[in-house]
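Using only what follows, build the 3D model:
(2 chains, ligands or ions: 5)
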Amino acid sequence: DVSVLFKGVDEGSLEALETLLIESDFGVPTSLALVAEVERRHKRGEVKTEAEFRQALADGVANALRTGNADPAMAMAASGPTVLLVIGVNGAGKTTFIGKLAAQYRAQGKRVLVGAADTFRAGAIDQLRVWAERSGAEFVGGKPGSDPASVAYDAVDAGIARNMDLIIVDTAGRLHTSDDLMTELRKMHRVIGKRMPEAPHEILLVLDGTIGQNALSQARTFSSAVPVTGVVVTKLDGTAKGGIVVAVHEALNVPIKYVGVGEQVGDLEPFDADVYAKELVEA
Amino acid sequence: MFDELTDKLGNVFAKLRGRGVLTESDIKDGMREVRRVLLEADVNFALTREFLERVEKQAIGVLQLKQVQPAQQLVKIVHDELTAMLGERREGLKMSSVPPTVVMMVGLQGSGKTTTAGKLARKLKLEAKTTRLVAADVYRPAAIDQLETLGKALDVPVYADRTTQDVVKIAKAGIDQGVRNRDRVVIVDTAGRLQIDADMMDELKRLKAAIKPDEILFVADGMTGQEAVKIAQGFNEALDITGVILTKLDGDARGGAALSIYGVLKKPIKYIGVGEKPDALEEFHPERMAGRILQM
Ligand SMILES: Nc1nc2c(ncn2[C@@H]2O[C@H](COP(=O)(O)OP(=O)(O)OP(=O)(O)O)[C@@H](O)[C@H]2O)c(=O)[nH]1
Ligand SMILES: Nc1nc2c(ncn2[C@@H]2O[C@H](COP(=O)(O)OP(=O)(O)OP(=O)(O)O)[C@@H](O)[C@H]2O)c(=O)[nH]1
Ligand SMILES: [K+]
Ligand SMILES: [Mg+2]
Ligand SMILES: [Mg+2]
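Ligands and ions are numbered 1, 2, ... in the order given. Prediction:
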């Protein structure tokens, strides 16, 4: 906590700030840059009181997240269905995110189809089927062990035929260090484009909010395999702060689009840099 | 083999080569490099600080002796300290004298409990210990299907009851079945939960009281960041865990969570998960983990 140690802006309070940021998984380089910015503003006479000190940090975080490509709105197809590909490491929250997002679009009266292209993990197809039922989305799934790229193709194909507004393709969790699995991902991406040239319109990388510095390596490798267009941070209902998203945003120049805040269907929020920054400094 | 840390520290000390004597501030520079490496590996911030204080004391002692290659010396001190902090002894599963040995898997959402339950069952089966899996996650969509699919693939029986949400009842019935079948081990899979979710933690406490497990294994994602310690403490305070399994170490995460959890709880890390397949479970070796954290 910042307040406990605040006795005016000095080395001690700046160190407390650095501690707060590192303990929130911002990483050393980002933490140092954010602290330096607060210090600069202090030297310019803009930061004197504790409230200003907190605000300066929140500004720094929010600004970093608003710089560059930062629009959380979803890209939509000019005509025909919008296709969304959801990727990430194992257990990050991809399938759950898809269930929640499908429900949000259903609530707006959109026609949604989800495709279960995780044919690898035990129970993955059934899990997405349950989410499809919960959210009122249509469902396309292959057989366990079948080629995920052909399931992805079938899902897009069915979505076009059935006149869907949104097609969301779930993928198996994969560590970015597995070349075979990254090749498989590229193939899925290619095959989707074969059925619909401008698709996928969005490729969202799901990051577990509890994760540490490895998120940066994941983000870089995934986005060099397929053109990631946005990030989803999950599990922020827990005690971790997910600070690595700032470094990820800076490295990829893509927006953070959604935040997962629970396991239930309604636990999904659009990402808001100001809200995120405010909650960080008030924690 | 030169690693990144030795290189970086080598750079820090390079300027001193002509002088031969290291000053306190040279060591401070070196310590800053070590700090960066540890934090980048997700070693807990407070632990990093304590660790550096200890290492610095030793470093000053060693470096005052004007030894050659101060960077390598320092890396060795850091490596040895880290290995010591990760635990010396290997500990496997504790088998109870009266079968079945009851094992309970606990942890945050998505950490790898269900997959690891399958891996353990496979390993025990290979050791000719008849094992049963019990599906006590009644919340996650298709959690029971997932465990049943794993059981079928491994040819390990799975106890499930889709007619009730009462996990205590399910676990007891599963263990009863294990007793009747003279199983050696029964592994109870539980739903992922946050350590701050009082109701869900309460469920685990009730489960523990009812089934009196021999092992309560806290399954943690090896990519976890700075929060690893608090999360582990939350589970330990509620359940007094008996061991830790760290998963997803087949990637390039440096695994500072291992050091952090062991460093604070001193509960043995029993296995690590190194892949999605049922055979991807390894014994934990402190010295290898130390090298990994330091990028050696
Ligand atoms: N507390 C919390 N739990 C979540 C959130 N999102 C997902 N989960 C849980 O995390 C676990 C893993 O979620 P999944 O959606 O299966 O993750 P995944 O990325 O599809 O996993 P794989 O397909 O196995 O790689 C489940 O128990 C979810 O209920 C969230 O925002 N908060
Ligand atoms: N690469 C890799 N993946 C793993 C490892 N252990 C588990 N997984 C994957 O991580 C994801 C989550 O694993 P689960 O076993 O479903 O996790 P869980 O803790 O049971 O999840 P919940 O029940 O939702 O809390 C799955 O995709 C697993 O295949 C591992 O050691 N390496
Ligand atoms: K949080
Ligand atoms: Mg999934
Ligand atoms: Mg599970």
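
those helices in the stretch 1-150 of chain B, which residues are they?
Here the stretch 1-150 of chain B has its helices, by DSSP state H, counting those that start in this stretch, at B:4-14, B:24-40, B:45-64, B:70-85, B:113-126, B:143-154.

Would you mind saying which of the ones you listed lies nearest B:L194?
Closest approach to B:L194 among the helices of the stretch 1-150 of chain B is made by helix B:113-126 (13.9 Å; CB to CB). In short, each C-beta sits where N, CA and C put it, glycine included.

Show me what the closest one is in contact with.
Residues outside helix B:113-126 that contact it (CB atoms under 8 Å, 6 or more residues apart in numbering or on different chains): A:122, B:93, B:103, B:105-107, B:131, B:133, B:137, B:143, B:146-147, B:150-151, B:153-156, B:184-185, B:187, B:189-190, B:192, B:217, B:219, B:245, B:247, B:271, B:273, B:276, B:278-281.

can you list the residues of the stretch 1-150 of chain B near ligand 1?
The stretch 1-150 of chain B comes close to ligand 1 at residues B:Q109, B:G110, B:R140, as judged by CB under 6 Å from any ligand atom.

quick one: which of these has the most company?
The member of those surrounded by the most neighbours (other CB atoms under 10 Å in any protein chain shown) is B:G110, with 25 neighbours in all.

Can you tell me, leaving aside adjacent residues, what's nearest to that one?
Nearest non-adjacent residue to B:G110, counting by CB to CB, 6 or more residues apart in numbering or on different chains: A:G91, 3.1 Å away.

three-state assignment of that neighbour?
Under DSSP: H, G, I helix; E, B strand; the rest coil, the three-state class of A:G91 is coil.

how about the strands in the stretch 151-296 of chain B?
Chain-ordered strands for the stretch 151-296 of chain B, with DSSP state E, counting those that start in this stretch as the definition, fall at B:158-159, B:185-190, B:215-221, B:243-247, B:269-273, B:281-283.

what residue ranges in the stretch 1-150 of chain B score low on pLDDT?
Along the stretch 1-150 of chain B, segments meeting pLDDT under 70 span B:1-3, B:15-22, B:63-68.

give me the residue from it nearest ligand 4.
B:G110 (9.0 Å; CB to the ion).

still on that earlier bit, I figured the residue nearest to B:G110 hits B:G112, correct?
Yes - A:G91 lies in contact with B:G112 (CB atoms under 8 Å); the separation is 6.5 Å.

list residues touching both of those two?
B:D221, B:K248.

Residue 157: neighbouring residues, count only.
Answering for chain A, as no chain was given. Using other CB under 10 Å, A:D157 is surrounded by 17 other residues.

Chain B is the one I meant
Using other CB under 10 Å, B:P157 has 20 other residues around it.

So it is in contact with B:A135, correct?
No - B:P157 is not in contact with B:A135 according to CB under 8 Å; the separation is 11.2 Å.

tell me the contacts of A:V86?
A:K94, A:F97, A:I98, A:I168, A:V169, A:D170, A:T171, A:L204, A:V206, A:V232.

any weak-confidence spans in chain A?
In chain A (pLDDT under 70), the answer is A:1-7.

Helices along that one, start to end?
Along chain A, the stretches classed as helices by DSSP state H are A:11-23, A:28-43, A:50-66, A:94-107, A:124-135, A:148-161, A:179-195, A:214-225, A:244-252, A:273-282.

could you say what helices and strands the first one packs with?
Applying 3 or more CB pairs under 8 Å, 6 or more residues apart in numbering or on different chains; DSSP states H and E, we find helix A:11-23 packed against helix A:28-43, helix A:50-66, helix B:45-64.

quick one: the first one to helix A:50-66, angle?
Using axes from the mean of the first three to the mean of the last three CA atoms, to 10 degrees, the direction of helix A:28-43 lies 130 degrees away from that of helix A:50-66.

Setting the sequence-adjacent residues aside, check what's closest to the residue of the stretch 101-250 of chain A found nearest ligand 1.
Relative to ligand 1, the nearest point of the stretch 101-250 of chain A is A:G173 (2.1 Å; CB to the nearest ligand atom). Using CB to CB, 6+ apart and skipping residues adjacent in sequence, the residue nearest A:G173 is A:N90, 3.2 Å away.

That neighbour - how many residues pack around it?
Residues within reach of A:N90, counting by other CB under 10 Å, total 24.

any idea how far it is from ligand 5?
Plainly put, A:N90 is 12 Å away from ligand 5 if you go by CB to the ion, to the nearest Å.

cool, and B:I261?
20 Å.

give the contact list for that residue.
Neighbouring residues of B:I261 by CB under 8 Å, 6+ apart: B:F218, B:A220, B:A228, B:V229, B:A232, B:V244, B:L246, B:K267, B:I269.

The residue lying closest to it once chain neighbours are set aside: how many residues sit nearby?
Excluding its sequence neighbours, the residue lying closest to B:I261 (CB to CB, 6+ apart) is B:A232, at 4.5 Å. For B:A232, the neighbour count with other CB under 10 Å is 25.

so B:A232 touches B:K266, yeah?
No - B:A232 is beyond contact range of B:K266, at 11.0 Å (criterion: CB under 8 Å).

gap between the residue in chain B that ligand 5 sits nearest to and A:Q213?
Closest approach between chain B and ligand 5, counting by CB to the ion: B:T114, at 3.2 Å. For B:T114, the distance to A:Q213 equals 26 Å [CB to CB, to the nearest Å].

okay, those two: which has more neighbours?
Higher neighbour count among B:T114 and A:Q213: B:T114, with 28 against 22, using other CB under 10 Å.

With B:Q69 as the reference, measure out to that one.
As judged by CB to CB, B:T114 and B:Q69 stand 48 Å apart.

and residue 281, what is it in contact with?
Picked chain A for this. Residues in contact with A:V281 (CB under 8 Å, 6+ apart) are A:V2, A:R54, A:Q55, A:L57, A:A58, A:V61.

Correction: the question concerned chain B.
When contacts are counted by CB under 8 Å, 6+ apart, B:L281 touches B:T116, B:K119, B:L120, B:R122, B:K123, B:Y271, B:I272, B:G273, B:V274.

pretty sure B:M201 contacts B:A238?
Yes - B:M201 is within contact range of B:A238, at 4.7 Å (criterion: CB under 8 Å).

so what sits against both of those two?
Jointly contacting B:M201 and B:A238 under the rule CB under 8 Å, 6+ apart are B:Q195.

ok, A:S79 - how many residues close by?
Burial of A:S79, expressed as a neighbour count using other CB under 10 Å, amounts to 6.

repeat for B:Q58
Residues lying near B:Q58 (other CB under 10 Å) number 15.

For it, list the residues it contacts.
B:Q58 neighbours (CB under 8 Å, 6+ apart): B:I77, B:E81.

For it, give its distance to chain A.
Taking CB to the nearest CB, to the nearest Å as the measure, B:Q58 falls 24 Å from chain A.

From the contacts of helix B:113-126, list just the buried residues.
For the contacts of helix B:113-126, a burial check counting by 16 or more other CB atoms under 10 Å in any protein chain shown picks out A:122, B:93, B:103, B:105-107, B:131, B:133, B:137, B:143, B:146-147, B:150-151, B:154, B:156, B:184-185, B:187, B:189-190, B:192, B:217, B:219, B:245, B:247, B:271, B:273, B:276, B:278, B:280-281.

Cool, thanks, signing off.
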